[in-house]
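Novice: curious how this folds, go ahead:
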Amino acid sequence: MASRDPVADLRRIAFLLERANEATYRVKAFRSAAAAVAKVPHAELAERAGAGTLAKLAGVGEVTARCVTESLAGEEPVYLRRLLSTEGTDLPAEAAALRAALRGDLHVHSDWSDGGSPIEEMALAAAELGHEYFVLTDHSPRLTVARGLTADRLRRQLDHVAKLNEQLPDGFRILTGIEVDILDDGSLDQEDELLARLDVVVGSVHSKLRDDSARMTRRMLAAIANPHLDVLGHMTGRKVAAAGAGDAAHRTARTRPPSTFDLEKVLAACVEQDKAVEINSRPDRLDPPKRMLTVAVEAGCRFSIDTDAHAPGQLDWLGNGCERAALCGVSADRVVNTWPADRLLAWTGSHG
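Specialist: Have a look, this model is predicted:
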């Protein structure tokens, strides 16, 4: 039987674990093993598999060694087969149609801030999923815990992205962006000159989430009125218990109630300023809640359905947002990332 590609199998396992929101250490074990195995000649791998010494390679453990052995023998690794068999059910028809209409993702992180993978790895994974683009939205300076980008680092990133776009597969491009913190007074946490250079600006509240309703409302309205902001990210800031994110006690400890604010005023401002409300697809966010999403539909808002991905496998979380959007009556013509990149950029350009 012909050998399979053990590096591809290990990477596929890591991707599926990320998509399932499994623990980071487990994903890292397979990505580290893939990197280690990629450096070893095929003949040596085969010899080690026969001798049972694969686990002596730095970065390869007993479980990953077993996967490599099975792959070299031409067998689909049992670990991979198990993951594939538990992928879940297909999306309902309306959600599937909405997912098929999406051309890209407006909220993606890399290892330049708190993501786990290089920009190019995220881009290649997105291209393999059929995306035409994604917006790179690493954090802004205020969020030091997430290694937010200073102005100088963001400038370097813009130069790096320009070079990467020359090397990526035809039909895919990285759009420049940021997830900029909405500060206490509603201003945006980056230099205006840099915000004006970016293709897409997602603004999110990450601090003082328990502010009283009046203060939070003023803060959000000021941000929405800023001409640089295009998308209001994870509107309520809530965290919910997500399957696959650790044991039940850990999941409960990481939950967070939604912020309080005048929803009607915030949505009306989004409509008036022609800004999009993000439907965040992360299993631990699913923000806004469906009751708020329904109100946003009735208010006439535009939307973006995004993953807020911090790893390649998380780029395949768009279905979560599409399912919620379809349940709440969001039509494809109201979702800005169903548009080709040129139309999207014309829309964001109209805000400046």
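
Novice: for the rest of this, base every contact and every neighbour count on C-alpha atoms.
Specialist: OK.

Novice: not counting sequence-adjacent ones, nearest residue to residue 158?
Specialist: residue 176 (6.9 Å; C-alpha to C-alpha, 6 or more residues apart in numbering).

Novice: okay, now the unreliable bits of the stretch 1-150 of the chain?
Specialist: Residue ranges of the stretch 1-150 of the chain with pLDDT under 70: 88-89.

Novice: do a quick rundown of the strands in it.
Specialist: Shown for the stretch 1-150 of the chain, the strands assigned by DSSP state E, counting those that start in this stretch span residues 104-108, 133-136.

Novice: I'd assumed the residue nearest to residue 158 was in a helix, is it?
Specialist: No: according to DSSP: H, G, I helix; E, B strand; the rest coil, residue 176 belongs to no helix; its state is strand.

Novice: pretty sure residue 316 sits against residue 18.
Specialist: No: in this structure residue 316 lies outside contact range of residue 18 using C-alpha atoms under 8 Å: 9.2 Å.

Novice: more neighbours: which of those two?
Specialist: Per other C-alpha atoms under 10 Å, whichever of residue 316 and residue 18 has more neighbours is residue 18, with 25 against 20.

Novice: how about the more buried one, what does it touch?
Specialist: Residues near residue 18 by C-alpha atoms under 8 Å, 6 or more residues apart in numbering: 24, 27, 311, 312, 313, 314.

Novice: OK, contacts around the closest residue to residue 307 other than its chain neighbours?
Specialist: Spatially, and ignoring its direct neighbours in sequence, residue 307 is nearest to residue 281 (4.8 Å; C-alpha to C-alpha, 6+ apart). Neighbouring residues of residue 281 by C-alpha under 8 Å, 6+ apart: 287, 305, 306, 307, 308, 317, 318, 319, 320, 321.

Novice: so which bits of stretch 327-339 are buried?
Specialist: Across stretch 327-339, burial judged by 16 or more other C-alpha atoms under 10 Å covers 328, 330, 331, 332, 334, 335, 336, 337, 338, 339.

Novice: what lies in contact with that stretch?
Specialist: 95, 98, 101-106, 276, 290, 293-294, 297, 301-305, 325, 344.

Novice: ok, residue 171 - how many residues close by?
Specialist: The number of residues packed near residue 171 is 10, by other C-alpha under 10 Å.

Novice: helices of the stretch 51-200 of the chain, start to end?
Specialist: Taking DSSP state H, counting those that start in this stretch to define them, one finds helices in the stretch 51-200 of the chain at 62-72, 78-85, 93-101, 119-128, 151-165, 192-197.

Novice: same list (those) but as CSV, adding mean neighbour count and distance to residue 216.
Specialist: Listed next are the helices of the stretch 51-200 of the chain as CSV, based on neighbours: other C-alpha atoms under 10 Å; distance: least, C-alpha to C-alpha, whole Å:
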stretch, mean neighbour count, distance to residue 216
helix 62-72, 21, 48
helix 78-85, 13, 42
helix 93-101, 17, 32
helix 119-128, 20, 33
helix 151-165, 15, 26
helix 192-197, 15, 22
